[in-house]
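1. With the sequence up front, the predicted model follows.
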Amino acid sequence: MIQLTLVSVGTLKEDYLKEAVSEYKKRLSQFARVDEINIKEEPIKNEDSKAEIAKALDTEAEKILAAMPKDSYKIALCVEGKQFDSPALAEIIRDASDTSGKISLVIGSSHGLSDKVKNDCKLKLSVSKMTFPHQLMRVILMEAIYRSFTIIAGKRYHK
């Protein structure tokens, strides 16, 4: 069974988001073992300070890189990433599963991800040109990954 590791900066605060992620985790359990790793967002006192933001992202990067299995296929969600339709993402998931059997997905904080994390990842993925709150992105990503596995398995979920 494939090992799926979701590394996210910050915690889910709203019950409805927790429930949605839990539902997709349950659905994914027929295809993969899913581990969620939540990394505390580094505090930033001056939101206008690029240096302070960069320092926080670098500190988060150390924790993110340590959390991802070294031999996994690593995917960073970022605005400059490439967009795919659902069948193309399913193909990437299938290839990654066949190659390493482990996939790590990273969602950064509201300030994004350090280049250290992005450069360590095999794929930079953008889900949309629109911006979403990073808490909601977890739900969207879990659904997209679940959809990918149903496409791979030939199930009717994807129409």
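-> Arrived safely, thanks for sending.
2. which secondary structure elements does the longest strand anywhere in the chain contact?
-> Counting residues, the longest strand in the chain under DSSP state E turns out to be strand 73-82. Strand 73-82 sits against helix 86-99, strand 102-107, helix 115-120, strand 123-125, with contacts defined as 3 or more Cβ pairs under 8 Å, 6 or more residues apart in numbering; DSSP states H and E. (Glycine included, C-beta is placed from N, CA and C.)
3. Could you tell me the angle between that strand and strand 102-107?
-> Taking axes from the mean of the first three to the mean of the last three Cα atoms, to 10 degrees, one finds that strand 73-82 is oriented at 40 degrees with respect to strand 102-107.
4. Just checking: what are the partner strands of strand 73-82?
-> Each strand paired with strand 73-82, and its direction, by DSSP bridges: strand 102-107 (parallel), strand 123-125 (parallel).
5. Turn these into a markdown table, including mean pLDDT, distance to Cys78 and mean neighbour count.
-> Written out in a markdown table, the entries for those read as follows (pLDDT from 0 to 100; distance: least, Cβ to Cβ, whole Å; neighbours: other Cβ atoms under 10 Å):
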| stretch | mean pLDDT | distance to Cys78 | mean neighbour count |
| --- | --- | --- | --- |
| strand 102-107 | 98 | 9 | 25 |
| strand 123-125 | 98 | 5 | 18 |
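6. Let's have those strands in TSV, adding distance to Ala61.
-> Supplementary listing: these in TSV, determined by distance: least, Cβ to Cβ, whole Å:
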stretch	distance to Ala61
strand 102-107	10
strand 123-125	15
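7. Show residues contacting the longest strand of the chain.
-> 68, 96, 99-100, 102-108, 112-113, 117-118, 120-127, 131, 137, 141 (Cβ atoms under 8 Å, 6 or more residues apart in numbering).
8. And stretch 120-127, how far out from the chain middle?
-> The gap between where stretch 120-127 is centred and where its chain is centred comes out at 9 Å by Cα atoms, centre = their mean, to the nearest Å.
9. got it, and stretch 143-157?
-> Mean-position distance between stretch 143-157 and its chain equals 17 Å (Cα atoms, centre = their mean).
10. And stretch 32-45, by the same measure?
-> The chain centroid and the centroid of stretch 32-45 are separated by 10 Å under Cα atoms, centre = their mean.
11. Mind exporting the C-alpha coordinates of that stretch to CSV?
-> What follows is stretch 32-45 as a C-alpha-only set of coordinates in CSV (Å, rounded to 0.1, in the frame of the first residue of the first chain):
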residue,chain,number,x,y,z
ALA,A,32,-3.0,4.5,0.8
ARG,A,33,-1.8,4.9,4.4
VAL,A,34,-2.2,8.6,5.1
ASP,A,35,-0.1,10.5,7.7
GLU,A,36,-0.8,14.1,8.5
ILE,A,37,2.0,16.1,10.0
ASN,A,38,1.2,19.6,11.2
ILE,A,39,4.1,22.0,11.7
LYS,A,40,3.6,25.1,13.8
GLU,A,41,3.6,28.3,11.9
GLU,A,42,6.5,30.5,13.0
PRO,A,43,5.4,33.8,14.5
ILE,A,44,6.1,36.9,12.6
LYS,A,45,5.9,40.2,14.5
